[in-house]
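>>> A predicted structure for the sequence below; I have some questions about it.
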Amino acid sequence: MLTPAFGNGVFREYMDFYNSQARSLVKQWAPLSGKGEFNPKPHLRRAALQTIIRTTLGLQIKEGLTSQMQLYLKSIDEIVNVITKRIQTIWMHNDFLYNRSSLKRKEENCLKIINAYSKRVIKNKREAEKNAQPQQNHKGRTQGFLDLALQLTKDDLMSDQLLLEHINSLTFAGYHTVSASLHFILLIIGSYTEVQNRIYDELHDVLRGTAEEDITVVQLSKLVYIDAVINEAARLYPVAPVVLRYIEKDVQLQNYTMKAGCDCVVMLHELNRSRIWGPDKDQFRPERWLEPGLLANAKDYTGFGTGRRACLGRSYAMLSLKTTLAHLIRRYKVTADHTKMKITLEINLEPVEGHGISIESR
Ligand code: HEM
């Protein structure tokens, strides 16, 4: 029912927001230019959160995070930490023990804050709809996620509780992944000067001296090398490296039967580095995405999952990542050392050490 809210046409209408958020990041980083290494993670997180709130939730928010949004962001980080600890601590899988633990109390506190924020989002949106003039409602626009979901609650096709859960998971799915991907990409291109130079040359050719102007969807479609860089970074460091499936009926593999009723963990990270990618499978080589002979492997690429439950926000992510990268790289030269990078799996894959970058104005 919600799939129409994830169409390419809907995401393309968000270009103004991707551009303004990227421009604001460029501005925030100006004082950091030439000042040595800094951790880009908080900046990227804030920018991605603001973008998802402005786009899929359709809220008009001011520049910068309010204290409520900061608390919301902190609570999401904390709850991710709680879930990871629970997964990693075998006795915490037992509900009886977990429900009596300090982890559970922390989970409840975080959920209270997260749900309170999402409830406020719903309330504000409903009030805004009530007060809007009829002609102001979705004038010429395709319905975004929150508009559509609210309509479903009005038609009794979705409960308020389900709406709340969708908002929570969509916000997380949308901002955590995009900011972590961008972080990986900056660390990698900061380490491979020749790749960054090629990105810059492509930007120069496609954007033709528009140093400040908005980037359009047509221009983005011509940035094929940046596409290759994003795909290659996501192949090596898939921010969602694992997906889970419930086995409904027996599945016969070559030497093994996956039994009905079991859960199955699919290691996307391993699939993306399997030998089908060739002897250089562990190397960062964006050019492989531009070689037609190797594109056969693209169907095995699982950076955004695969099958019926694959990522609904893939095109959002690509538009948003490409726009942000284009704005950043046309203004700054990025330096980093990805060999120092250590990564952690906290639901998503993220850099946790050696994650600083330096920038110089061009
Ligand atoms: C670089 C960014 C992103 C990556 C790497 C990514 C990756 C993934 C992956 C691997 C899945 C599949 C999970 C599974 O198979 O169980 C998924 C699902 C999903 N993603 Fe993304 N995602 C990204 C960005 C986004 C964005 C920006 C949105 C929203 C605007 C989004 C919304 C969703 C939704 C709603 C699902 C669930 C689909 C379903 O269950 O039918 N994702 N994502």
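Structure received.
>>> which of the three states applies to residue 345?
Following DSSP: H, G, I helix; E, B strand; the rest coil, residue 345 is assigned to strand.
>>> tally of neighbours for the nearest residue to residue 97 once chain neighbours are set aside?
Leaving aside its chain neighbours, residue 97 sits nearest to residue 91 (5.6 Å; criterion: Cβ to Cβ, 6 or more residues apart in numbering). (Glycine included, C-beta is placed from N, CA and C.) Residue 91 has 9 neighbouring residues, counting by other Cβ atoms under 10 Å.
>>> same check, this time on the one 5 residues further on
The burial count assigned to residue 96 is 6, neighbours taken as other Cβ under 10 Å.
>>> what of residue 279?
The tally of other residues near residue 279 (other Cβ under 10 Å) stands at 7.
>>> which SS state does it fall under?
The three-state label given to residue 279 by three-state DSSP is coil.
>>> distance of it from residue 273?
12 Å (Cβ to Cβ, to the nearest Å).
>>> ok, now residue 147?
Using Cβ to Cβ, residue 147 is found at 40 Å from residue 273.
>>> neighbour-wise, which of these two wins?
residue 147 (19 against 15).
>>> ok, that one to the ligand distance?
14 Å (Cβ to the nearest ligand atom, to the nearest Å).
>>> now swap in residue 332 and tell me
Note on residue 332: its distance to the ligand, by Cβ to the nearest ligand atom, is 21 Å.
>>> quick one: pLDDT of residue 211?
On pLDDT, residue 211 comes in at 68.
>>> pull the residues that contact the host helix or strand of residue 46.
Using DSSP states H and E, residue 46 maps to helix 41-55. Contacts with helix 41-55, where a contact means Cβ atoms under 8 Å, 6 or more residues apart in numbering, come from 11, 14, 17-18, 21-22, 24-25, 28-29, 59-61, 65, 69, 73, 121, 144, 170-171, 174-176, 178-179, 182-183, 316, 320, 324, 351, 355.
>>> restrict the residues you listed to contacts with the ligand.
170, 174, 178, 316 (Cβ under 6 Å from any ligand atom).
>>> need phi/psi at residue 332.
Main-chain dihedrals, residue 332, degrees, to the nearest 10: phi -130, psi 150.
>>> residues contacting it?
Counting by Cβ under 8 Å, 6+ apart, residue 332 touches 26, 29, 33, 359-362.
>>> who's it bridged to?
Beta bridges link residue 332 to residue 361 when assigned by DSSP bridges.
>>> can you check the pLDDT for it?
Reading off the model, residue 332 has pLDDT 96.
>>> and it, how close does it get to residue 47?
Distance, residue 332 to residue 47, by Cβ to Cβ: 15 Å.
>>> before we move on, what about residue 58?
Distance from residue 58 to residue 47, by Cβ to Cβ: 18 Å.
>>> for these two, indicate the residue with more neighbours.
residue 47 (23 against 19).
>>> before we move on, back to that, show the buried residues in the contacts of helix 41-55.
Those of the contacts of helix 41-55 that meet the buried threshold are 11, 14, 17-18, 21-22, 24-25, 29, 59, 65, 69, 73, 121, 144, 170-171, 174-176, 178-179, 182-183, 316, 320, 324, 351, 355, by 16 or more other Cβ atoms under 10 Å.
>>> near the ligand, which residues of the chain?
With Cβ under 6 Å from any ligand atom as the criterion, the chain meets the ligand at residues 56, 170, 173-174, 177-178, 181, 234, 239-240, 243, 303-305, 309-313, 316-317.
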